[in-house]
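**Student:** need a 3D model of the following:
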Amino acid sequence: MLKRCLVWWSCFSGLCSVAQAQLLPYRVKTDFALYWFSERPPNRMKLWNDTVANVLENDSLGETTLHLAARMGDTVLLGLLKGRGGNLNEVNKKGESAAHLSTYSNEWEAFLWLIRNGADPNSKDKRGTNLVARCMQTNHPDELEALIRAGAIPSQVDAKGRSLLQWALEKGNLTLADLLLSKNARWQTPQLTATSPAVLIVRLGAVKLYNHLRKQGLDPAQPDVDGNHLAHHAAEAEQAEMVTLLLNTTAGPNPRNRAGETPLHWAARTNNESVIRKMLEAAADPKLTDNLGRTPLMVAALKGKRYAVEALMPVSEVNLSDRQGNTALHHAATAGDIACIEKLLAAGAKATAKNKDGNTPLELAANEQVQQRLGGKASRTKTN
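**Tutor:** As a prediction, this is how the structure comes out:
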């Protein structure tokens, strides 16, 4: 073994003197590194003890064997190099630390070892890429959590300007989001949008996180850039507990967006009977109309949401018409949902009602099956 090491050392020294460092492979530091990764583990410690190579020398790219160990994911070698005085935060000429290089090689065990053993969690390369952004880009939540626990700035953003909190919520990672908020991650945005942390938290039904934001000053009555309130988003996302909580805040049970829609209008599109009933219990008004004159029942019928229709019928006027003169039955006929039509007819909806264009639900039927059902009902109504 010793003879073999001496041969390699001689070859390496000759290369250094003749070709200079830039002619060497970019990650080869010494003959020690070559042997380390070619020998079996039992022989490595002997090599470590026998070698006289300076394994912490920099090559032409500014990298040491420690960088190579990170690339190769060798945590044993990383530990030995650290013990010899290796600097875990030393960077190459691109400003990349060993932790950066481990992410490029998908050596995440080595990455975690580095972070847990003192590598700077906030290091950036010369392009400004930080470790948080790298882990976001490669979708590694456990490594992100390790970075935050090691002291990474929780409000760092990726190249697209997306915050780590936003990323965690988009992934539905409430554990990471909770950790970030406990570290005072910034959640406020100049304006609420569909991707604002507050909106994402509401859509996920994360009551604990919502309460945290409320304590930090979140205004539940603040609409987003489209005029939608948090309760609208909770209703659309079918978050019963969250929407009930929001309907009992300063925003009231019936906040309207720019289209005049209440959260109950949005819930009517989901077909979630349970959410609708809870909203009605929280004083959501089923008789309010949007800018088109449509009630939540009409919206449910237009979308063909039979369970929403069933939940709303007992508290709605089934023959009320919108600004175009269409009733819920007109909308159900347009949607072509037989189940909705059957429920509305059973509740007393008039099959002969005409809209402002003079059309009955039959004349708006989406298919032959609907025509047959409404044609039969209309004819009996005329006979009677």
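
**Student:** domain assignment for this protein?
**Tutor:** Residue ranges for the domains of the chain, per automatic domain parsing: 1-88+99-105, 196-284, 286-384.

**Student:** worst average pLDDT in those domains?
**Tutor:** Between those, the one with the least mean pLDDT is domain 1-88+99-105; it has a mean of 65.

**Student:** one step back: now the domains of the chain as TSV including distance to residue 177 and mean neighbour count?
**Tutor:** Every C-beta, even on glycine, is put in place using the N, C-alpha and C of the backbone. Below are these laid out as TSV (distance: least, Cβ to Cβ, whole Å; neighbours: other Cβ atoms under 10 Å):
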stretch	distance to residue 177	mean neighbour count
domain 1-88+99-105	22	16
domain 196-284	6	20
domain 286-384	31	19
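
**Student:** looking at the ones you listed, which is nearest to residue 180?
**Tutor:** Nearest to residue 180, of all the domains of the chain, is domain 196-284, at 9.2 Å by Cβ to Cβ.

**Student:** can you give the distance of the closest one from its chain's centre?
**Tutor:** Here the centre of domain 196-284 is set off from its chain's centre by 19 Å, with Cα atoms, centre = their mean, to the nearest Å.

**Student:** can you lay out the domains of the chain as JSON lines showing distance to residue 154?
**Tutor:** Converted to JSON lines, these look like this (distance: least, Cβ to Cβ, whole Å):
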{"stretch": "domain 1-88+99-105", "distance to residue 154": "18"}
{"stretch": "domain 196-284", "distance to residue 154": "12"}
{"stretch": "domain 286-384", "distance to residue 154": "40"}
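
**Student:** quick one: closest of the ones you listed to residue 112.
**Tutor:** Across those, residue 112 has its closest neighbour in domain 1-88+99-105 (8.9 Å, Cβ to Cβ).

**Student:** tell me where the stretch 251-384 of the chain has helices.
**Tutor:** Listed in chain order, the helices of the stretch 251-384 of the chain (DSSP state H, counting those that start in this stretch) span 263-268, 273-281, 296-302, 306-312, 328-335, 338-346, 368-383.

**Student:** wait, which of those is closest to residue 162?
**Tutor:** Going by Cβ to Cβ, the one of these nearest residue 162 is helix 263-268, 25.8 Å.

**Student:** and the contacts of the closest one?
**Tutor:** Applying Cβ atoms under 8 Å, 6 or more residues apart in numbering, the external contacts of helix 263-268 come out as 229, 231-232, 234-236, 238, 243, 246-247, 254-255, 275-276, 279-280, 284-286, 288, 290, 294, 296-297, 299-300, 303, 305, 308, 312.

**Student:** CA atoms of it as CSV?
**Tutor:** What follows is helix 263-268 as a C-alpha-only set of coordinates in CSV (Å, rounded to 0.1, in the frame of the first residue of the first chain):
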residue,chain,number,x,y,z
PRO,A,263,-68.5,33.7,0.2
LEU,A,264,-71.7,31.7,-0.1
HIS,A,265,-71.8,32.2,-3.9
TRP,A,266,-68.3,30.7,-4.0
ALA,A,267,-69.2,27.8,-1.7
ALA,A,268,-72.2,27.1,-4.1
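
**Student:** tell me which element residue 246 falls in.
**Tutor:** For residue 246, the host element (DSSP states H and E) is helix 240-247.

**Student:** got the phi and psi for residue 163?
**Tutor:** Torsion angles at residue 163 (phi, psi; degrees, to the nearest 10) stand at phi -80, psi 160.

**Student:** again, but for residue 365
**Tutor:** Residue 365 has phi and psi values of phi -60, psi 140 when expressed as degrees, to the nearest 10.

**Student:** gap between the residue nearest to it when sequence neighbours are not counted and residue 347?
**Tutor:** With Cβ to Cβ, 6 or more residues apart in numbering as the criterion, residue 365 has its nearest non-adjacent residue at 4.3 Å, and that residue is residue 371. Counting by Cβ to Cβ, to the nearest Å, the gap between residue 371 and residue 347 amounts to 21 Å.

**Student:** one more: residue 258?
**Tutor:** From residue 258 across to residue 347, the span is 31 Å (Cβ to Cβ).

**Student:** export the helix holding residue 246 as PDB, just CAs?
**Tutor:** The C-alpha trace of helix 240-247 is given here as PDB (Å, rounded to 0.1, in the frame of the first residue of the first chain):
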ATOM      1  CA  ALA A 240     -65.500  24.600   6.800                       C
ATOM      2  CA  GLU A 241     -63.900  25.500  10.100                       C
ATOM      3  CA  MET A 242     -61.900  28.300   8.600                       C
ATOM      4  CA  VAL A 243     -64.800  29.900   6.700                       C
ATOM      5  CA  THR A 244     -67.000  29.700   9.800                       C
ATOM      6  CA  LEU A 245     -64.200  31.400  11.800                       C
ATOM      7  CA  LEU A 246     -63.900  34.100   9.100                       C
ATOM      8  CA  LEU A 247     -67.700  34.800   8.900                       C
END
